[in-house]
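A.B. asks: My questions concern the predicted model and sequence given below.
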Amino acid sequence: MDTQSLQAFLAVADTSSFSRAAEQLHLTQPAVSKRIAVLENQTRARLFDRIGRRVSLTEAGQVLLPRARQILVMVDDSRRALGNLTGDVSGSLTLATSHHIGLHRLPPILGAYVKHHPEVRLDLRFLDSEQAYQGVLDGEIEIAVVTLAAEPDPQLQVVPMWIDRLCFVAARDHELARHGRLSLATLCEHNAVLPGPLTFTRQLIQARLADRGLRVSVTQSTNYLETLKMMATAGLGWSLLPEQMVAQEIAAGTLARLDVDASPVERPLGYLVHRDRTLSNAARSMLARLDEVREKAALSWPER
């Protein structure tokens with residue numbers, strides 16, 4: 001099996017489309033179809049069912065899928081291991097981050113990195129933290145700088161870097177903004193705008209409320225915190241957002257910080273890599289820079 005055919009197979013499997021796979025690989029659709037045909041000939045099995053516009057994996061395709069990922073990861077690891085022998089910090093580095101961290105935490109780190117390592121081609125991907133986790137597990141991403149899960153996969157090396165303290169906010173003319181100290185129960189009587197239910201941040205909030213036997217009514221959800229800030233400012237509901245992110249709006253009076261009778265809600269931010277992956281020199285240099293920032297942040301958390 002050649003790696004190009006396997007790459008085409010994964011692209012079609014991930015997108016459920018030959019045309020989208022072709023766009024992803026910068027190939028024509030016939031070229032992708034040819035590579036799949038070659039792979040099906042080599043495996044002596046049909047890998048996809050094509051019914052109308054729908055493309056789905058056959059049983060043989062489902063068996064091949066995890067093995068194809070493993071093969072490509074092993075090939076990439078071998079290339080990196082050989083490339084590392086030169087000692088050069090060059091080649092490509094695939095780094096994923098959430099939109100919030102990418103906007104508010106990473107710019108100075110990335111700026112210094114590209115200045116010192118101009119030979120590195122930085123492939124920066126903005127993803128939800130949960131998608132970035134999976135990308136590292138699948139071997140598609142070398143480093144992810146994201147919101148950390150409460151219980152990370154043991155295959156991952158997870159290093160905390162910052163604590164993001166969250167605060168309850170609402171529009172300045174919202175009913176809650178006219179209250180004094182609020183209980184969580186009173187807060188839950190009003191609609192909220194929060195991250196999606198599968199996000200680490202939402203799970204953190206729900207766990208806090210569940211400890212009090214409470215449930216929240218979420219009328220709008222999005223994984224983009226900047227959008228949540230806009231919706232809260234517009235009066236669509238209260239929200240829970242990073243202090244650093246809403247400080248300017250609170251100072252300007254467009255958002256009100258709610259005085260809620262609860263201990264601070266905090267979420268850990270940091271980086272993660274796969275324990276079994278051979279990291280490129282470019283990735284090692286990025287980790288060194290991230291560790292410098294971590295030390296300056298004076299966080300003494302143990303590595304998990």
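C.D. replies: Arrived safely, thanks for sending. Quick caveat, the model's predicted, so the values are computed rather than measured.

A.B. asks: tell me the centre residue of this structure?
C.D. replies: Centroid-nearest residue in the chain, with CA atoms, centre = their mean: Ser129, separated by 2.4 Å.

A.B. asks: just checking, that one touches Ser98?
C.D. replies: Yes - taking CB atoms under 8 Å as the definition, Ser129 is a contact partner of Ser98 at 5.1 Å. Where you see a C-beta, it was placed from the backbone N, CA and C, and this is true even at glycine.

A.B. asks: Find residues that contact each of those two.
C.D. replies: 146-147 (CB atoms under 8 Å, 6 or more residues apart in numbering).

A.B. asks: count of residues packed around the residue nearest to the residue nearest to the centre of the chain when sequence neighbours are not counted?
C.D. replies: Leaving aside its sequence neighbours, Ser129 sits nearest to Val146 (CB to CB, 6 or more residues apart in numbering; 3.7 Å). Val146: 26 surrounding residues under other CB atoms under 10 Å.

A.B. asks: In a helix, Val146, correct?
C.D. replies: No - under DSSP: H, G, I helix; E, B strand; the rest coil, Val146 sits outside any helix and is assigned strand.

A.B. asks: re earlier: which residues touch the residue nearest to the centre of the chain?
C.D. replies: By CB under 8 Å, 6+ apart, the neighbours of Ser129 are 98, 144, 146-149, 199-200.

A.B. asks: Next: Val218.
C.D. replies: Val218 neighbours (CB under 8 Å, 6+ apart): 191-194, 197, 237.

A.B. asks: okay, and for the protein, where does confidence drop off?
C.D. replies: Along the chain, segments meeting pLDDT under 70 span 1, 80, 82-90, 298-304.

A.B. asks: now do 80
C.D. replies: Along the chain, the model assigns pLDDT under 80 to residues 1-2, 52-53, 73-74, 76-90, 297-304.

A.B. asks: Mind checking which of the contacts of Val218 are buried?
C.D. replies: Buried subset of those (neighbour count, 16 or more other CB atoms under 10 Å): 192-194, 237.

A.B. asks: Show me which pair in those residues is furthest apart.
C.D. replies: Leu194 and Gly237 (8.3 Å; CB to CB).

A.B. asks: From the contact counts, what lies against whatever helix or strand Thr227 lives in?
C.D. replies: Secondary structure assignment for Thr227, by DSSP states H and E: helix 225-233. Judged by 3 or more CB pairs under 8 Å, 6 or more residues apart in numbering; DSSP states H and E, helix 225-233 is in contact with helix 99-104, strand 156-171, strand 192-194, strand 239-242, helix 243-252, strand 255-257.

A.B. asks: Can you point out the buried residues in that helix?
C.D. replies: So helix 225-233, judged by 16+ other CB under 10 Å, has buried residues 225, 228-229, 231-233.

A.B. asks: now do stretch 125-141
C.D. replies: 127-141.

A.B. asks: Next step: these restricted to helices.
C.D. replies: Of those, the ones assigned to helices by DSSP state H are 129-137.

A.B. asks: and which of the residues you listed is nearest Thr94?
C.D. replies: So of those, ranked by how close each gets to Thr94 (CB to CB), first place is Gly135, at 8.3 Å.

A.B. asks: need the contact list for that closest one.
C.D. replies: 96, 125, 127, 141, 144.

A.B. asks: The second one in helix, strand or coil?
C.D. replies: Spelled out, that is Arg125. Arg125 - assigned by three-state DSSP - is strand.

A.B. asks: Skipping its backbone neighbours, what lies nearest Ala96 in space?
C.D. replies: Ala132 (4.0 Å).

A.B. asks: pretty sure that neighbour is touching Ala144, no?
C.D. replies: Yes - Ala132 is within contact range of Ala144, at 3.9 Å (criterion: CB under 8 Å).

A.B. asks: Mind listing the shared neighbours of those two?
C.D. replies: When CB under 8 Å, 6+ apart defines a contact, the residues bordering Ala132 and Ala144 alike are 96-97.

A.B. asks: Just give me the closest of the ones in helices among the buried residues of stretch 125-141 to His174.
C.D. replies: Ser129 (28.3 Å).

A.B. asks: now Gln206: how far from Val265?
C.D. replies: Applying CB to CB, to the nearest Å, the value for Gln206 to Val265 is 11 Å.

A.B. asks: Ile205 is in contact with Leu194, isn't it?
C.D. replies: Yes - Ile205 lies in contact with Leu194 (CB under 8 Å); the separation is 6.4 Å.

A.B. asks: need the buried residues of helix 225-233 in a markdown table with distance to Asp173, can you?
C.D. replies: Below are those laid out as a markdown table (distance: CB to CB, whole Å):
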| residue | distance to Asp173 |
| --- | --- |
| Leu225 | 22 |
| Leu228 | 18 |
| Lys229 | 16 |
| Met231 | 15 |
| Ala232 | 12 |
| Thr233 | 10 |
